[in-house]
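Peer 1: Mind folding the following:
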Amino acid sequence: MNWNAILWYVCGVLAGYLLGCCNTAAILAKCRGFDIRQSGSGNAGASNALVTMGKGAAVCSALVDILKAFLPVFLLRHVIAVPDDCAHLSIAVGAAVILGVKDSGGIDIKRATAETLQ
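Peer 2: Residues are numbered from 1 along each chain as shown. A predicted model of the protein is given here:
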């Protein structure tokens, strides 16, 4: 394996991790001026977005979360050709260990859906 391939692997995994760190429901709530983790169930996921912000925010949150899991894994597997385990792990870790946020939302359902689509 050459250094160029290793660099692509690292960049791809890092991009997947950083996308996994973006919590859509928390971002939408922040734009509306409140912290979703302090409202409703206290979970920063699409189901709490439904309760606290309505159907539109919940659908947007769920779709964006599925896409942000699907796209990096698809690109890592099919464009950069990173091994499957590495691609899936980057998204899972990104969604589970969000920078500066204690709760990740419904990561298992969204990640499983995105992986199933591939």
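
Peer 1: the bottom helix or strand of the protein by mean pLDDT?
Peer 2: In the chain, no helix or strand scores lower on mean pLDDT, DSSP states H and E than helix 107-116, which sits at a mean of 55.

Peer 1: Next, the buried residues of whichever helix in the chain runs longest.
Peer 2: The residue-count maximum for a helix in the chain (DSSP state H) belongs to helix 55-78. Buried residues in helix 55-78, counting neighbours by 16 or more other C-beta atoms under 10 Å, are found at 57-58, 60-62, 64-70, 72-74, 76-77. C-beta: built from backbone N, CA, C; applies to glycine.

Peer 1: which strands and helices sit next to that helix?
Peer 2: Identification of packing neighbours for helix 55-78 by 3 or more C-beta pairs under 8 Å, 6 or more residues apart in numbering; DSSP states H and E yields helix 3-21, helix 24-31, helix 46-53, helix 84-96, helix 107-116.

Peer 1: Report all helices and strands that the third one contacts.
Peer 2: For helix 46-53, the packing partners by 3+ C-beta pairs under 8 Å, 6+ apart come out as helix 24-31, helix 55-78.

Peer 1: Of all those, which one comes closest to S47?
Peer 2: Proximity to S47 (C-beta to C-beta) singles out helix 55-78 among the helices and strands packed on helix 46-53, at 7.1 Å.

Peer 1: picking up where we left off before, can you put the helices and strands packed on helix 46-53 in TSV and add mean pLDDT?
Peer 2: Below are the helices and strands packed on helix 46-53 laid out as TSV (pLDDT from 0 to 100):
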stretch	mean pLDDT
helix 24-31	91
helix 55-78	84
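
Peer 1: if we can go back for a sec, report the angle between the longest helix of the chain and helix 24-31.
Peer 2: On the basis of axes from the mean of the first three to the mean of the last three C-alpha atoms, to 10 degrees, helix 55-78 is oriented at 130 degrees to helix 24-31.

Peer 1: Dump helix 55-78 to PDB, keeping only the CA atoms.
Peer 2: Listed next in PDB are the C-alpha coordinates belonging to helix 55-78 (Å, rounded to 0.1, in the frame of the first residue of the first chain):
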ATOM      1  CA  LYS A  55     -43.100  17.100  11.500                       C
ATOM      2  CA  GLY A  56     -41.000  19.100   9.100                       C
ATOM      3  CA  ALA A  57     -38.000  19.300  11.500                       C
ATOM      4  CA  ALA A  58     -38.300  15.600  12.300                       C
ATOM      5  CA  VAL A  59     -38.500  14.500   8.700                       C
ATOM      6  CA  CYS A  60     -35.600  16.800   7.800                       C
ATOM      7  CA  SER A  61     -33.500  15.600  10.700                       C
ATOM      8  CA  ALA A  62     -34.100  11.900   9.900                       C
ATOM      9  CA  LEU A  63     -33.400  12.300   6.200                       C
ATOM     10  CA  VAL A  64     -30.300  14.400   6.700                       C
ATOM     11  CA  ASP A  65     -29.000  11.900   9.300                       C
ATOM     12  CA  ILE A  66     -29.600   9.000   7.000                       C
ATOM     13  CA  LEU A  67     -27.900  10.700   4.100                       C
ATOM     14  CA  LYS A  68     -24.900  11.800   6.200                       C
ATOM     15  CA  ALA A  69     -24.400   8.100   7.200                       C
ATOM     16  CA  PHE A  70     -25.100   6.800   3.700                       C
ATOM     17  CA  LEU A  71     -23.000   9.200   1.600                       C
ATOM     18  CA  PRO A  72     -19.600   8.800   3.400                       C
ATOM     19  CA  VAL A  73     -19.900   5.000   3.600                       C
ATOM     20  CA  PHE A  74     -20.900   4.900  -0.100                       C
ATOM     21  CA  LEU A  75     -18.000   7.100  -1.100                       C
ATOM     22  CA  LEU A  76     -15.500   5.300   1.200                       C
ATOM     23  CA  ARG A  77     -16.500   1.900  -0.100                       C
ATOM     24  CA  HIS A  78     -17.000   2.600  -3.800                       C
END
